[in-house]
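Enquirer: 3D model of this:
(2 chains)
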Amino acid sequence: QKEVEQNSGPLSVPEGAIASLNCTYSDRGSQSFFWYRQYSGKSPELIMSIYSNGDKEDGRFTAQLNKASQYVSLLIRDSQPSDSATYLCAVSRASRDDKIIFGKGTRLHILP
Amino acid sequence: GAVVSQHPSWVICKSGTSVKIECRSLDFQATTMFWYRQFPKQSLMLMATSNEGSKATYEQGVEKDKFLINHASLTLSTLTVTSAHPEDSSFYICSAASLYEQYFGPGTRLTVT
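Expert: Model (predicted):
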């Protein structure tokens, strides 16, 4: 069974601080890695995608990938109350039309 | 960005009836669409992969005769929950694969009474 593991949280971070979210995956054949944000009662929203080892930055978000360790992380700088949500780590074996396997998500709470 | 719509956004039906959920890619063509189900406080679980013009591929444990999927065109896939029961009450979400990524619809909340 191919799995994606995340700490369920909740992770509480003061406003303005850095939130660090982590994820491990079991399928070494995974090639595409995603972070989605999901607000309660809403559909997931893609925040970041990363395909090669290293860091990828987009605004306040930085995704990090280490395929050797089968580890993906998401850093959120200058955390805002609007960042409070559940963050889903997801992996896929290949291309855009391959199925995505989701982790259970980490609940993030930004403290005002 | 690419837009995926779902209809209806919520539906309440009586036990034993069937309900159809539509998933449309509004500004792109999607040869592949995916159907997920999410129970409260749980993650998304893939139900099936829908390919235009062919039969859907169901994940293990998902009853294909209960959850009928039709992908009749490059912009429309439908999920029909047949003989719905209260345990089918859930949040159903579709996604469509564009040239670069998958995009999710807003979801359909199904309540079976």
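
Enquirer: okay, B:Lys41: pLDDT?
Expert: As predicted, B:Lys41 sits at a pLDDT of 82.

Enquirer: count of residues packed around it?
Expert: If you count neighbours by other CB atoms under 10 Å in any protein chain shown, B:Lys41 ends up with 11. All C-beta atoms are positioned from the backbone trio N, CA, C, and that covers glycine.

Enquirer: contact partners for it?
Expert: Contacts of B:Lys41 were listed using CB atoms under 8 Å, 6 or more residues apart in numbering or on different chains, and none were found.

Enquirer: for it, helix, strand, or coil?
Expert: coil (DSSP: H, G, I helix; E, B strand; the rest coil).

Enquirer: just B:Ala96 next, same as before
Expert: Taking three-state DSSP, the label given to B:Ala96 is strand.

Enquirer: I'd like the distance between A:Ala94 and A:Asp27.
Expert: 11 Å (CB to CB, to the nearest Å).

Enquirer: between these two, who's got more neighbours?
Expert: A:Asp27 (15 against 11).

Enquirer: mind pulling the model confidence for the residue nearest the centre of chain B?
Expert: When CA atoms, centre = their mean is applied to chain B, the residue found nearest the centroid is B:Trp35 (3.9 Å). We note a pLDDT of 96 for B:Trp35 in this prediction.

Enquirer: low-confidence stretches in the chain?
Expert: Since you didn't name a chain, this refers to chain A. A:1-2, A:95-97 (pLDDT under 70).

Enquirer: oops, wrong one, chain B.
Expert: Ranges of chain B meeting pLDDT under 70: B:1, B:99-100.

Enquirer: and the strands in the chain?
Expert: As the question left the chain open, I've gone with chain A. A:4-5, A:11-14, A:19-25, A:32-38, A:45-50, A:54-58, A:61-66, A:71-76, A:85-92, A:100-102, A:106-111 (DSSP state E).

Enquirer: I was after chain B.
Expert: So, for chain B - with DSSP E - the strands run B:4-7, B:10-13, B:19-25, B:32-38, B:45-51, B:57-58, B:67-73, B:76-81, B:90-97, B:102-104, B:108-112.

Enquirer: what does chain B put close to chain A?
Expert: Contact residues (CB under 8 Å from any CB of the partner chain) of chain B with chain A: B:31-32, B:34, B:42-46, B:49, B:91, B:93, B:95, B:97-107, B:109.

Enquirer: show me which of those residues are buried.
Expert: B:32, B:34, B:43-46, B:49, B:91, B:93, B:95, B:97-98, B:101-105, B:107, B:109 (16 or more other CB atoms under 10 Å in any protein chain shown).

Enquirer: quick check: bridge partners of B:Asn70?
Expert: Counting by DSSP bridges, B:Asn70 forms beta bridges with B:Thr78.

Enquirer: and it, how far is that from B:Pro40?
Expert: Applying CB to CB to B:Asn70 and B:Pro40 gives a distance of 28 Å.

Enquirer: same question for B:Pro86.
Expert: In terms of CB to CB, B:Pro86 sits 14 Å off from B:Pro40.

Enquirer: identify the residue spatially nearest to B:Asp90, adjacent ones excluded.
Expert: For residue B:90 the amino acid is Ser, not Asp. Nearest non-adjacent residue to B:Ser90, counting by CB to CB, 6 or more residues apart in numbering or on different chains: B:Arg37, 4.9 Å away.

Enquirer: burial count for the one you found?
Expert: 21.
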